[in-house]
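Colleague: Structure, please.
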Amino acid sequence: MKKTINHIGLLDCTLRDGGHVNNACFGSDAIIGITEGLAKSGIEFVELGFLKNGTFSVQQSLYNDVTEIYPTLPESYPCNFCVMIRPDWYDIRQLSNCDGRIGTIRFAFYNKDFDLLQKYGNIVRNKGYRFICNPVHIMGYTNQELIELVKKINDLHPEQMTIVDTYGSMNLPDLERIYSLIENNLDKDIRIGIHLHENMSLAYGLAQEFIRIKPLSRCAIIDGSLYGIGRIPGNLCIEILANHFNSNDSASYNTDIIYELIGKYIEPIKKNIPWGYSPAYYMTAFLNMHRSYAEYLLKKQELSMPDIHTILKSIDVSERKLFNEKYVTELYNNYKKRS
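Modeller: Presented below is the predicted three-dimensional model:
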């Protein structure tokens, strides 16, 4: 990883998280162009997509094995390429040994799947990969649960642990609390990463706070994507991060290349499938619940924003962490009957 003054690098997740917008159907030419452009721009890590069970088109950034990605890679790649795996979505027996072209696996996991993560982590390490732990919805952990998770991650000893604000519900005091717990309990040679969403339009502000509170002794990675493309309402914009470090930390990211990628490949997607701030997704973030509740209710076009707010507030706390379509359908039907 390139060492800036603050020992912070960038990871672009356009082809993985951005795939939530368009079912990962970027097109083979765009996948190749985005990969090569990001590598040339100086971004330290480029996430190439998901490894999942299933049958996928060459037009998608979804794969069964890393060997399917090799044709999309540039001949020279001065960055670290990685992919993401959800352990509960993937048969690890499909994964080929690491040959150096794709060197890192990112694991997104729920706490209930930690035993499976541990098994998979040991397997990928034996296959020659480095790996990163991305606990889903870190805001859902109590302080004690988070400390216990960090201790288990220390035993597993990945390359990095990432603060993942899955529901976009994190504010500045939350970040300071969570970061302090991790910083004071995570082994010092494990990087800390952060992955932010734009539900409350706080992503860049949170990233700046992360930069401020991180000690010089700890290496770190901040995630972003081109134009913030990602599961609606979207992610932290990689171009904003790159410019921030160029202006404030003597970095040398080539933002001309990044803007060219946005204009050529990402703007056309946004014209057809817009993302960005939405009051409904703000509501789910503020209420610390799964964003799919907003997505479900927004499809009910007869509902106004006050209607959506009323239904979201009525969702029991016990049902907020995971999306329960049957449950919210019943709430919606009952609300319609009373209206």
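Colleague: can you give me the helices in the stretch 101-250 of the chain?
Modeller: For the stretch 101-250 of the chain, the helices defined by DSSP state H, counting those that start in this stretch occupy 114-126, 143-156, 172-183, 203-213, 238-248.
Colleague: could those go into CSV alongside mean pLDDT, mean neighbour count and distance to residue 318?
Modeller: Where C-beta positions appear, they are placed from N, C-alpha and C, glycine not excepted. Putting those into CSV (pLDDT from 0 to 100; neighbours: other CB atoms under 10 Å; distance: least, CB to CB, whole Å) gives the following:
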stretch, mean pLDDT, mean neighbour count, distance to residue 318
helix 114-126, 97, 17, 21
helix 143-156, 98, 15, 16
helix 172-183, 98, 16, 21
helix 203-213, 97, 18, 27
helix 238-248, 95, 19, 36
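Colleague: Out of those, which gets nearest to residue 21?
Modeller: Evaluated over those, closeness to residue 21 peaks at helix 238-248, with 15.2 Å, by CB to CB.
Colleague: show me the residues around the residue nearest the centre of the chain that make contact.
Modeller: With distances taken as CA atoms, centre = their mean, residue 195 lies nearest the centre of the chain, 5.2 Å away. By CB atoms under 8 Å, 6 or more residues apart in numbering, residue 195 lies in contact with 13, 134, 162, 163, 164, 165, 223, 235.
Colleague: Specify which member of these is nearest to residue 62.
Modeller: Closest to residue 62, out of all of these and judged by CB to CB, is residue 13, at 14.0 Å.
Colleague: mind checking the SS state of the nearest residue to that closest one once chain neighbours are set aside?
Modeller: Closest residue to residue 13 apart from its sequence neighbours, by CB to CB, 6 or more residues apart in numbering: residue 47 at 4.5 Å. Per DSSP: H, G, I helix; E, B strand; the rest coil, the local secondary structure of residue 47 is strand.
Colleague: Now do residue 87: how many residues are near it, please.
Modeller: Taking other CB atoms under 10 Å as the neighbour definition, residue 87 ends up with a count of 19.
Colleague: Would you mind measuring from the nearest residue to it once chain neighbours are set aside to residue 26?
Modeller: Leaving aside its sequence neighbours, residue 87 sits nearest to residue 116 (CB to CB, 6+ apart; 4.3 Å). Noted for residue 116: a distance of 29 Å to residue 26, by CB to CB, to the nearest Å.
Colleague: Repeat that for residue 79.
Modeller: Counting by CB to CB - residue 79 and residue 26 are separated by 18 Å.
Colleague: Please say which of the two ends up with more neighbours.
Modeller: residue 26 (25 against 22).
Colleague: can you tell me which residues contact the residue lying closest to the more buried one once chain neighbours are set aside?
Modeller: Leaving aside its sequence neighbours, residue 26 sits nearest to residue 61 (CB to CB, 6+ apart; 5.9 Å). Residues in contact with residue 61, defined by CB under 8 Å, 6+ apart, are 15, 16, 19, 24, 26, 31, 48, 49, 50.
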